[in-house]
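> give me the fold of what follows.
(2 chains)
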Amino acid sequence: MSKRARALFCSPLTTAILTAAAGGVSASTDGGMGNLNMVRGVTEVSQVAYDVHMLMMWICTVIGVVVFGFMFYVMYAHRKSRGVEAANFHEHLGVEIAWTVVPALILIFMAIPATSALLKVYDTDNADIDIKVTGYQWKWQYEYLGEGVKYMSELRTSLDEVYGRVPKGEHYLREVTEPLVIPVNKKVRFLITGNDVIHSWWVPDFGVKRDAVPGLFTAAWARVNTPGMYVGECTELCGIGHAFMPVVVEVKSEEDYSVWLADKKEQAAVYASTVGKQWSPQELMEKGQQVYMRSCAGCHQPDGNGIAGVFPAVNGSAIVNGPIDGHIGILINGVAGSAMQSFADQLSEVDLAAVIHYKRNAWDNAVGDVVQPIDILNFKNAQ
Amino acid sequence: MAHGPAKGISRWLFTTNHKDIGTLYLWFSFLMFLLGGFFAMVVRAELFQPGMQLIKPEFFNQMTTMHGLVMVFGAIMPAFVGLANWMIPMMIGAPDMALPRMNNLSFWILPFAFAILVATLFMEGGGPNFGWTFYAPLSTTYAPDTVNYFIFAVHIMGASSIMGSINIIATIMNMRAPGMTYMKMPLFVWTWLITAFLLVAVMPVLAGAVTMMLMDINFGTSFFNAAGGGDPVLFQHVFWFFGHPEVYIIILPAFGVVSQIIPTFSRKPLFGYSSMVYATAAIAFLSFVVWAHHMFTVGMPIAGELYFMYATMLIAVPTGVKVFNWITTMYRGALTFETPMLFSIAFVILFTFGGFTGLMLSVAAADIQYHDTYFVVAHFHYVMVAGAVFSGTAAVYYWLPKWCGKMYNETMGKIQFWIAFIAFNITFMPQHFLGLAGMPRRYADYGLQFADWNMVSSIGAFMYGGAQLLFLFNVVRTITHGQPVSDAKVWEGADGLEWLVATPAPYHTFIKPPVISAGVEGPEWRVDAPAPAMAFKTAPEAG
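I've put the predicted structure just below:
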């Protein structure tokens, strides 16, 4: 009997029944009923955080069992229906001092591991690698300081998946265009800042969560001992894309990391040499649509009509349909005091040219001119 | 001299009677509670499954923000101000509040504040979408234009709170009956006195924060704008200097309510009265010096983190004293479990549970993992809902017979309690798991690994919402069809001046003050001479 009951509760079937009954997620997906606790993670910081978390939880559990146990005993034993007479005492100096002093002592006992754990979090000196992490609405930029490597990392999950037009993939909302790559067993220091609003860069397995505040740099660190993919999130409300800017970090062996870094540097060099290439209007439209959906549609919407009162429409906009320099200028410099940020650092010249061309020729807009990457570069240099 | 209530709508518009104004506050807060609850239902419906099904992320953010603002400023705070209006004069033997016209004003500006706030949902750009903590620059440079209405609404709410608390302070300090010394005041009065001081101290800070926002948005200043030399972190310091005491503003009157109810149904005086008073004062003091524990991930220097961690842990001591006192009050009493007692016991258990997670959150190294996840959401709903809302519900059931002279339906009350208790835990217990497993708060959508517990949480939330409709039904049914009660005491174990006046409480009570016997401190004091005027009935006096 009790065996059967246990089997029912422990069986993954229960999960399946519950979700199926509610017409929910397909039964083949692991919905995470078993995810109950903090990860212990793969860095010293995440492990001390986990250990102090478990210590606190067990202390609280023991106190809870004692206090609530006594309370339930009282509720059982001192019920009026059992014919008890109420006592009339209402003071006892001894116990009152005891239950002030004993908790204070327990707190001192808790404060010691709590302090040493925090010292570990702040041990950011002597890093092997420095990476600047910048939060943008709604993506991350990673810059390898001193290496000349810099790129954006954005959500790869499509809007069709989000809005249920196609089935959700296995890595729904946990996949990015390009993960942050770091080597194993090296002390990596993250210098974290924000570009527009406050974001927060969190990788649970590293025990690293730091707010990305505009105008402020804060440091966190990780020395990861196990290669693999680690997924995190943005944890500070940053607007409509808050849930859609995951963090993915790939930890590679030292050799693989060196190869990867050399590759990135080479790509950067190759790219710099192709800015002068002439693109056909079709190529620009195709590339431009991709860039638009990735970097613009979050605010201006896929149909280019924006959201009234919040984000202006680009479809039919005077700027988009106006002189080319005005349009380029807005993307390069942003609009001060509004949510329109500067894309000069976020998008390459090719991407900028493509997306500007796309906007000028998509929907009801039909300016008809062609914008080349070299135009963007010239505009930047002229400023 | 005294006269009865005016007729028609003018009774409510122009009233200066503390009972009428208390009633207005209570109904208004219940209306806001239903509205804020509706917003929460929208949020939980969207989070029922991964993916966006019902609403867009833009509207989702407006819903979470409005839920928080309406619940904190519209539901919980006015509910306790309403209880204060009704009960404080009756508990200290005063005929009314000290400043009755200001009392009327402080209530009647509130509906306007919330009308403005809610109206933004229908304006171009939508309502506030930056979270109830409205961190700059999301709430300034990047906010919709309607943020100006939000700022105006917050100013009005602040003015209302400040006037309300000045009134409470003036009443308690000046209008206690002869012999009602401070250390004889019921604990509900004590907790409100301290709460009122907290409000007077921190509401102007909130007003300062929103005024700086107003300047940044409209007049080109850069308090919170890094590009102009300002500092977004300054906003958080200012906000939480208000925000942390605000948490205790909400919970201290709840402590007071529970400290009235538990002795009644234990038939035994409150244990450790004076230590309860000192613990309340200690919590209030500490609430001013711990604000930055909401900001452990912002990149403070380690000395700051350590200080705020230690100071926060310290709050566990006076809070523990309170919990031990409540339990010891029950010890060797003669307990019965009427609905107010059930809610109060659930308060003690679930609030303490929220206290445990609070203690865990105070440990900065672990908080870095908890911060801004559903673990925090679960924590503060254990203290806000199972704390403030449960105690508010208990208070309504406890004093409703005194207010309207009718007894509520006990069976329905108990059914409501058990649905609320079970549904509350189904809703919020899984949110601890979600947070620990890595789900951030304020997420319109989430990865598939969080699907199951979110669904469980949503089912619990719908049940909990349903329990509130039962509550509304029970209260209305009591007023219209309840069994009449005429016993002044109502409850066998009740003690205090409010239980000496007739049931239902006459429109005017204690026109002549009662005299309290000298010499006995704490909960053991007795009334010597109940004043004859207490029995004044509702019939209006000519002239």
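> for the residue of chain A found nearest chain B, list the residues it contacts.
Residue nearest to chain B within chain A: A:G215 (2.6 Å; CB to the nearest CB). Just so you know, the C-beta spots here come from the backbone N, C-alpha and C atoms, and that holds for glycine as well. Taking CB atoms under 8 Å, 6 or more residues apart in numbering or on different chains as the contact definition, A:G215 lies against A:T193, B:A226, B:A227, B:G230, B:D231, B:P232.
> tell me which two in these are the farthest apart.
A:T193 and B:G230 (15.3 Å; CB to CB).
> list the contacts of residue 199.
All of this refers to chain A. A:G135, A:Y136, A:W140, A:D211, A:A212, A:C234, A:E236, A:C238, A:M245.
> was after chain B, sorry
When contacts are counted by CB under 8 Å, 6+ apart, B:L199 touches B:S161, B:I162, B:G164, B:S165, B:I249.
> the helix or strand harbouring the first one: which residues count as buried?
It refers to B:S161. Assessed by DSSP states H and E, B:S161 sits inside helix B:147-174. Residues B:147, B:149-169, B:171-172 are the ones in helix B:147-174 that count as buried (16 or more other CB atoms under 10 Å in any protein chain shown).
> thinking again about what came up before, can I get the contacts of B:L199 in a markdown table including pLDDT?
Conversion of the contacts of B:L199 to a markdown table gives the following (pLDDT from 0 to 100):
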| residue | pLDDT |
| --- | --- |
| B:S161 | 96 |
| B:I162 | 97 |
| B:G164 | 96 |
| B:S165 | 96 |
| B:I249 | 95 |
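> now, which of these sits nearest chain A?
Among these, and counting by CB to the nearest CB, the member closest to chain A is B:I249, at 23.5 Å.
> does any bit of the helix or strand where the closest one lies sit next to chain A?
According to DSSP H and E, B:I249 maps onto helix B:232-266. Yes - Helix B:232-266 reaches chain A (CB under 8 Å from any CB of the partner chain) through B:P232, B:V233, B:S266.
> in those residues, which residue is surrounded by the most others?
B:S266 (27 neighbours; other CB atoms under 10 Å in any protein chain shown).
> ok, and the closest non-adjacent residue to it?
Spatially, and ignoring its direct neighbours in sequence, B:S266 is nearest to B:G333 (3.1 Å; CB to CB, 6 or more residues apart in numbering or on different chains).
> strands of chain B, start to end?
B:406-407, B:483-484, B:515-516, B:527-529 (DSSP state E).
> can you give me the end-to-end distance of stretch B:173-191?
Terminal residues of stretch B:173-191 lie 14 Å apart, using CA to CA, to the nearest Å.
> before we move on, the earlier item: who does the helix holding B:S161 touch, helix- and strand-wise?
Contacts defined by 3 or more CB pairs under 8 Å, 6 or more residues apart in numbering or on different chains; DSSP states H and E place helix B:147-174 against helix B:77-92, helix B:100-108, helix B:110-119, helix B:187-218.
> which of the residues in the longest one are buried?
Along helix B:187-218, the positions that meet the burial threshold by neighbour count (16+ other CB under 10 Å) are B:187-203, B:205-207, B:209-210, B:212-214, B:216-217.
> relative to helix B:232-266, how tilted is that helix?
160 degrees (axes from the mean of the first three to the mean of the last three CA atoms, to 10 degrees).
> next up, the contacts around the residue nearest to B:S266.
Per CB under 8 Å, 6+ apart, neighbours of B:G333: A:V74, A:H78, A:V84, A:A86, A:A87, B:S266, B:R267, B:K268.
> pipe the residues you listed into CSV and attach distance to B:W499 and pLDDT per row.
CSV is the format used below for the contacts of B:G333 (distance: CB to CB, whole Å; pLDDT from 0 to 100):
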residue, distance to B:W499, pLDDT
A:V74, 25, 96
A:H78, 23, 95
A:V84, 23, 90
A:A86, 17, 88
A:A87, 21, 89
B:S266, 16, 95
B:R267, 13, 94
B:K268, 16, 92
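> now the two most distant members of those residues.
Longest span within the contacts of B:G333, CB to CB: A:V74 and B:R267, 13.3 Å.
> so what sits against both of these two?
B:G333, B:L335.
> please say which of those two ends up with more neighbours.
B:R267 (22 against 19).
> verify the stated contact: that one with B:A334.
Yes - when contacts are counted by CB atoms under 8 Å, B:R267 is listed as touching B:A334 (4.6 Å).
> name the nearest residue to A:G32, ignoring sequence neighbours.
In space, A:G32 is closest to B:Q449, 4.0 Å off (CB to CB, 6+ apart).
> quick check, pLDDT for the one you found.
With respect to pLDDT, B:Q449 has a value of 92.
> and it, how many neighbours?
23.
> distance of it from B:D372?
18 Å (CB to CB, to the nearest Å).
> ok, the spatially closest residue to B:F112 that is not a sequence neighbour - contacts?
Among residues not flanking B:F112 along the chain, B:I156 sits closest, at 6.3 Å (CB to CB, 6+ apart). Neighbouring residues of B:I156 by CB under 8 Å, 6+ apart: B:I109, B:L110, B:F112, B:A113, B:I116.
> quick one: which of these is most hemmed in?
So for the contacts of B:I156 (other CB under 10 Å), the most neighbours sit at B:L110, 27 neighbours.
> that one: what's it in contact with?
B:F28, B:G74, B:P78, B:I156, B:M157, B:S160.
> ok, the fourth one to chain A distance?
Taking CB to the nearest CB, to the nearest Å as the measure, B:I156 falls 23 Å from chain A.
> likewise for the third one?
Using CB to the nearest CB, we find B:P78 at a distance of 26 Å from chain A.
> right, and that residue touches B:T23 too?
No - between B:P78 and B:T23 there is no contact under CB under 8 Å: 11.8 Å.
> who has more neighbours out of these two?
B:P78 (29 against 18).
> quick check: chain neighbours aside, which residue is closest to that one?
B:S29 (4.0 Å).
> surely that neighbour and B:M71 touch.
No - applying CB under 8 Å, one finds B:S29 not in contact with B:M71, separated by 9.9 Å.
> report the contact partners of B:Y464.
Neighbouring residues of B:Y464 by CB under 8 Å, 6+ apart: B:I419, B:A420, B:A423, B:F424, B:T427.
> so which of the residues you listed are in helices?
Assigned to helices by DSSP state H, the following of the contacts of B:Y464 qualify: B:I419, B:A420, B:A423, B:F424, B:T427.
> ok and the residue in chain B nearest chain A?
For chain B, CB to the nearest CB, closest residue to chain A: B:A226, 2.6 Å.
> ignoring the adjacent residues along the chain, who's closest to that residue?
The shortest distance from B:A226 to any non-neighbouring residue, by CB to CB, 6+ apart, is to A:G215 (2.6 Å).
> return the per-residue confidence for that neighbour.
Reading off the model, A:G215 has pLDDT 92.
> distance of it relative to B:G208?
21 Å.
> next one: A:I319
38 Å.
> could you do B:V233 as well?
Taken as CB to CB, the span from B:V233 to B:G208 is 16 Å.
> where does the residue nearest to B:G320 when sequence neighbours are not counted sit: helix, strand or coil?
Spatially, and ignoring its direct neighbours in sequence, B:G320 is nearest to A:P103 (4.7 Å; CB to CB, 6+ apart). When classified by DSSP: H, G, I helix; E, B strand; the rest coil, A:P103 comes out as helix.
> look at A:P103 and report its pLDDT.
A:P103 is given a pLDDT of 94.
> low-confidence ranges, the stretch 51-200 of chain B, go.
For the stretch 51-200 of chain B, not a single residue meets the criterion pLDDT under 70.
> now do the helices in the stretch 251-383 of chain A.
Secondary structure of the stretch 251-383 of chain A by DSSP state H, counting those that start in this stretch: the helices cover A:254-274, A:281-295, A:297-300, A:324-333, A:349-361, A:373-382.
> the longest one: which residues count as buried?
If I follow you right, that is helix A:254-274. Buried-residue list, helix A:254-274, by 16+ other CB under 10 Å: A:Y257, A:W260, A:L261, A:K264.
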